[in-house]
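Asker: Sequence below, structure please.
(2 chains)
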Amino acid sequence: DAGITQSPRHKVTETGTPVTLRCHQTENHRYMYWYRQDPGHGLRLIHYSYGVKDTDKGEVSDGYSVSRSKTEDFLLTLESATSSQTSVYFCALGPTGNYGYTFGSGTRLTVV
Amino acid sequence: GENVEQHPSTLSVQEGDSAVIKCTYSDSASNYFPWYKQELGKRPQLIIDIRSNVGEKKDQRIAVTLNKTAKHFSLHITETQPEDSAVYFCAAVSSGNTGKLIFGQGTTLQVKP
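Answerer: Numbers count the residues shown, from 1 in each chain, chains lettered A, B, ... in the order given. I've put the predicted structure just below:
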């Protein structure tokens, strides 16, 4: 869908281990975003990127880092996973010329 | 920082009735307001959006209204059907060059047959 792929789709990891989630696009979008979704909180912005090597923090960035070394890939890293980071993570592209935003299929991460 | 508040958190209606979901935003520079529908286990999907230079937009059974003075916008669904049951999110984007999309907390809509 709109050339955006998230991997992995599901992951279970242990507390304290590093985890990297990948968002890959084929649309050459400048802007990419990482959100987490938790019940009662909607989607909250973790980090975003407005170009290669240009990233900034969102509202819930603690415990997360990102990298964007090329246009098509935006990586989200949990340096030392905690149980509070159990969530569904969505990557998004946008805005397009018509301000549309497109979401990836999501990654369900469980930290045990 | 930017904030979007959404109400109600849950909404139950009878099939054929109307449903209204309301959102307020804090950033007066916001200029784009999309609404997303999310079915269980799926990604959010855009259903309708409105820009700050328009007061109302309609697409079949769905309409969105925007009051920039009061900084609130609403989603109206008429003649609701069971397949309208889902979680709905409002969002706002500021006019800055980052294009950050800030979401409301979501409304779970249940349409009873």
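
Asker: Check the residue most central in space within chain A and give its pLDDT.
Answerer: Nearest to the mean C-alpha position of chain A, counting by Cα atoms, centre = their mean, stands A:W34 at 3.0 Å. Predicted confidence (pLDDT) for A:W34: 97.

Asker: Surely it and A:T77 touch.
Answerer: No: in this structure, A:W34 is not within contact of A:T77 by Cβ atoms under 8 Å, at 10.3 Å. The way it works is simple: take the backbone N, C-alpha and C, and place the C-beta from them, glycine included.

Asker: so what sits against both of those two?
Answerer: Contact criterion Cβ atoms under 8 Å, 6 or more residues apart in numbering or on different chains; residues shared by A:W34 and A:T77: A:L21, A:Y64, A:V66.

Asker: Tell me the bridge partners for the nearest residue to A:G58 once chain neighbours are set aside.
Answerer: Spatial nearest neighbour of A:G58, excluding adjacent residues (Cβ to Cβ, 6 or more residues apart in numbering or on different chains): A:L45 at 3.1 Å. Going by DSSP bridges, A:L45 is paired in beta bridges with A:Y35.

Asker: show me what contacts A:L45?
Answerer: Neighbour list for A:L45: A:Y33, A:W34, A:Y35, A:G58, A:E59, A:V60, B:K100, B:L101, B:I102 [criterion: Cβ under 8 Å, 6+ apart].

Asker: Please repeat the previous calculation with a cut-off of 10 Å.
Answerer: Neighbour list for A:L45: A:33-36, A:56-61, A:92, B:2, B:98, B:100-103 [criterion: Cβ atoms under 10 Å, 6 or more residues apart in numbering or on different chains].

Asker: got it, and B:K58?
Answerer: B:I48, B:V64, B:T65, B:H76, B:T78.

Asker: about what we covered before: buried subset of the contacts of A:L45 as a PyMOL selection?
Answerer: To isolate in PyMOL the members of these that are buried, counting by 16 or more other Cβ atoms under 10 Å in any protein chain shown, one can use:
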select buried, (chain A and resi 33+34+35+36+58+60+61+92) or (chain B and resi 2+98+100+101+102+103)
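
Asker: What is the nearest of the contacts of B:K58 to chain A?
Answerer: B:I48 (11.5 Å; Cβ to the nearest Cβ).

Asker: Now the phi/psi pair for that closest one, please.
Answerer: phi -170, psi 150 (degrees, to the nearest 10).

Asker: With the one 4 residues further on instead?
Answerer: Reported as degrees, to the nearest 10, the phi and psi values for B:S52 are phi -70, psi -10.
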